[in-house]
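Student: Here is my input; please provide its structure:
(chains A, B and C)
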Amino acid sequence: MRQDHLISATQLSRADIEAVLDRAAEIDADPAAWHGRHSGSILGLCFFEPSTRTRMSFDTAMKRLGGRTTDMGAVESSSVKKGETLADTMRVLEGYADALVLRHPSEGAAAMAAEFVDVPLVNAGDGAGQHPTQTLLDLYTIRENAGLDDITVGIMGDLKYGRTVHSLASALTNFDVRQEFVSPESLRLPRSVRYDLHGSGAQVREHTDLDGVLADLDILYVTRIQRERFPDENEYRKVAGEYRIDAEDLDVAKDSLTVLHPLPRVDEIAPEVDDTRHAKYFEQAHNGVPIRMALLDSLLETDTEGDR
Amino acid sequence: MRQDHLISATQLSRADIEAVLDRAAEIDADPAAWHGRHSGSILGLCFFEPSTRTRMSFDTAMKRLGGRTTDMGAVESSSVKKGETLADTMRVLEGYADALVLRHPSEGAAAMAAEFVDVPLVNAGDGAGQHPTQTLLDLYTIRENAGLDDITVGIMGDLKYGRTVHSLASALTNFDVRQEFVSPESLRLPRSVRYDLHGSGAQVREHTDLDGVLADLDILYVTRIQRERFPDENEYRKVAGEYRIDAEDLDVAKDSLTVLHPLPRVDEIAPEVDDTRHAKYFEQAHNGVPIRMALLDSLLETDTEGDR
Amino acid sequence: MRQDHLISATQLSRADIEAVLDRAAEIDADPAAWHGRHSGSILGLCFFEPSTRTRMSFDTAMKRLGGRTTDMGAVESSSVKKGETLADTMRVLEGYADALVLRHPSEGAAAMAAEFVDVPLVNAGDGAGQHPTQTLLDLYTIRENAGLDDITVGIMGDLKYGRTVHSLASALTNFDVRQEFVSPESLRLPRSVRYDLHGSGAQVREHTDLDGVLADLDILYVTRIQRERFPDENEYRKVAGEYRIDAEDLDVAKDSLTVLHPLPRVDEIAPEVDDTRHAKYFEQAHNGVPIRMALLDSLLETDTEGDR
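Tutor: Next up, the predicted model:
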């Protein structure tokens, strides 16, 4: 792995991914041992788009490592409003921090920003582009619950627009994983993503109905179907209803099935599922902390050793 | 006291209250001794409604204990806007923090949230409901200035809508305190609050005019009369003017009278009063820090000892 | 220097300025040595007006000293909206922090607030008034690049409205510096500033064109010409175009010329200049951290020694 920036999950080899996951597992086993490890470092949080969980989990991760954060705040109150370019803003902010986290509404923003800054930069989502730490925490949660070898992963919901799905599907091709995609016809995987998956030799199938595959799954990864994707409210309700999971649906699943969701959910998973052994989506969200601790630790170590 | 959540001042016995107040007094006597006591802990600040002083004083309190905070930020930029339920949001956030502080516009929100999270949760105000740390700092300030036995406390202003007043009045029934309520007829204590106070055997009287009781008071607790409570601007001005305190008014008061106000004030207390020996409302606001340090210390100690 | 507040650069003597600059240079030489120096202290950030770089660089500076910060947040979500006066707000906030930084849209706000608080207060910009830490970091950057004796400084752009320019020009009169002001006729230095500069015996000239003086300059300080200063878009474009610097313009300059800008820039300096040896505006922004560390260190040391 390049030690300086993390822009896309696609830049990570299987070995890179496993290194981060292994370190996250070490952290999870004894979090207190990692406190104070980066007590002289500051992480800059540059969110050009609102975010609660990603921002807070980077913030927490840095603080659990003993470090500090400095937050750019909302774009409405920043110098961006005065016409400053992203390149200029990032070049100023790198002077305040030992590493930067960037979320931006424009695809490609993180790669562009990385050209201008010398401190490590982590992409925390660039529009329809990449969100590599989400992929890492998804992989970590899958590995903790089912391993990453010889498993079947179902991915259901909006497969067309969700960057989370595309990135996860791509990363899973590094492992011995069968992927079953379930979505309405109108929200199928984009052709380019399908093409890449097949090109990598992945074992991939597509379905419009969960029934035929649910019993085979080790992991069911559910995503939100957004109202705004449908011109018509009734059409949305009908589709959303068909791709909703409740406790009864899970009767046919393996005992060991793990249900995941990148959150926030709206109606995709009935609240009753929360109390079943299958529900691991809150753990998944919480795994963002050890994963980001592991990542920050790897980005900061070469950068700060010796001088603080 | 239940060690895990603080939802309402009514859950606190006299002994519970005195334990927090005693600890706050210890902290006040030697703040530096408490620094570093919770250096491995993170407090999550979940303000679903704006707040300056409550948020900052929790933030400061945690930092004075050596801990860190992570702030959810404004609701407008959170996943709440995507339709996430409060229960889901809180279950995600508990993964980031060792304790949570919640302010929410809906009465009952804190009690509901507490059902879903395992880390200690502190209610920092739930609409017309409770705000127990405000009550604790009010009691602390009263005790520091006049003791909590055999005293007379006047409470003046908007007694109908103010949750601060209801909570304080209720908490004072644990002590040997005479309560004199002063308000316009239209902003009297609600019947339910009066009923509870009488039911607890409290020594309570109501007045429409401060003149008759001011000379007897050890504490005068003034609250803001809000413009929006009156349909008519003239009516508001007339009423607000009658329940305003200036330096001359205080000529008949005891030398030892202490004037308090939960702040922010608008016109209820003339600025000239600030320079008299009676004015203790800024000290009262500052007491939010040792009180919240004491409370956080009690909530965190069972939770974090040993593992960090 | 008064140890308690920094309201205006004009309160600083040459010796005061040099003391801060010397300390910043010490910090720059070995930042790690300063970490932990104020680990028990909290800085209150009170920005009544948005700011990215000033707020973040104070935030970073305090954290690089090992301290903490507590942020008032946006004014829209503060008790200011409930009608609280600035004096009341500041008197509450001083109870949370060991020092306060204030930015406010009204000229004179910092001087007024300083009357009410006992902790050190730093003016981080009060409308058209003062912004003394910007002046200090400008002086620091000039000294690092050209020294502060027997040099020629050109200041170009909006000289009429920019508080940065007025404050820098005034501070430079403490040193052996020739000042060359370059602006359109409509954005000349205000008469009062000119009068003060001449009164202090400064070597000052005014120009409407850079060409005649560029070759003599050791420093060229460029400022932004704001669209809103012109009633007419075409007039703005014409003027802005004339006071824009590109790489070719700099062919006639000294090899050692240093180009500065308080940022954010829009079009005043072509991006191609960024790659020349002359461009030091990002370094200038980064110098905000050691300068503010030096200042905070001087304000906090007398205040906190012994008791934390």
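Student: Got the domain ranges for chain A?
Tutor: Domain segmentation of chain A under the TED database yields A:5-130+A:286-300, A:133-285.
Student: can you tell me the average pLDDT over the last one?
Tutor: Across domain A:133-285, the average pLDDT comes to 94.
Student: Distance across that domain, terminal residue to terminal residue?
Tutor: Start and end residues of domain A:133-285 are separated by 11 Å (Cα to Cα, to the nearest Å).
Student: so, in contact with chain B or not, it?
Tutor: Yes - Domain A:133-285 reaches chain B (Cβ under 8 Å from any Cβ of the partner chain) through A:263-266, A:271, A:282-283, A:285. C-betas here are computed from N, CA, C, even on glycine.
Student: ok, of those residues, which one's closest to chain C?
Tutor: Ranked by distance to chain C (Cβ to the nearest Cβ), the residues of domain A:133-285 next to chain B are led by A:P264 at 22.3 Å.
Student: In the stretch 51-200 of chain A, mark out all the strands, start to finish.
Tutor: Using DSSP state E, counting those that start in this stretch, the strands of the stretch 51-200 of chain A run over residues A:68-71, A:99-104, A:121-126, A:149-156, A:176-182.
Student: Which other helices and strands does the last one contact?
Tutor: Spelled out, that is strand A:176-182. Contact partners of strand A:176-182 among helices and strands, from 3 or more Cβ pairs under 8 Å, 6 or more residues apart in numbering or on different chains; DSSP states H and E: strand A:149-156, helix A:163-172, strand A:203-207.
Student: and among those, the most buried is which?
Tutor: Burial of those is given as mean neighbour count (mean count of other Cβ atoms under 10 Å in any protein chain shown); helix A:163-172 ranks first at a mean of 23.
Student: Would you mind writing the CA trace of it as CSV?
Tutor: What follows is helix A:163-172, C-alpha atoms only, in CSV (Å, rounded to 0.1, in the frame of the first residue of the first chain):
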residue,chain,number,x,y,z
ARG,A,163,-21.0,3.7,-4.3
THR,A,164,-20.8,1.5,-1.2
VAL,A,165,-22.0,-1.5,-3.2
HIS,A,166,-19.7,-1.0,-6.1
SER,A,167,-16.7,-0.6,-4.0
LEU,A,168,-17.5,-3.6,-1.8
ALA,A,169,-18.3,-5.8,-4.8
SER,A,170,-15.0,-4.9,-6.3
ALA,A,171,-13.0,-5.5,-3.1
LEU,A,172,-14.7,-8.9,-2.6
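Student: what does it rub up against?
Tutor: For helix A:163-172, the surrounding residues in contact (Cβ atoms under 8 Å, 6 or more residues apart in numbering or on different chains) are A:8-10, A:12, A:17, A:125, A:127-132, A:134-135, A:138-139, A:153, A:155, A:157-159, A:179, A:181, A:189-190, A:193, A:196-197, A:200, A:202, A:204, A:221, A:223, A:262.
Student: Emit the PyMOL select command for whichever of the residues you listed are buried.
Tutor: Buried residues within those, by 16 or more other Cβ atoms under 10 Å in any protein chain shown, are selected in PyMOL with:
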select buried, chain A and resi 8+9+12+17+125+127+129+130+131+132+134+135+138+139+153+155+157+158+159+179+181+189+193+196+197+202+204+221+223+262
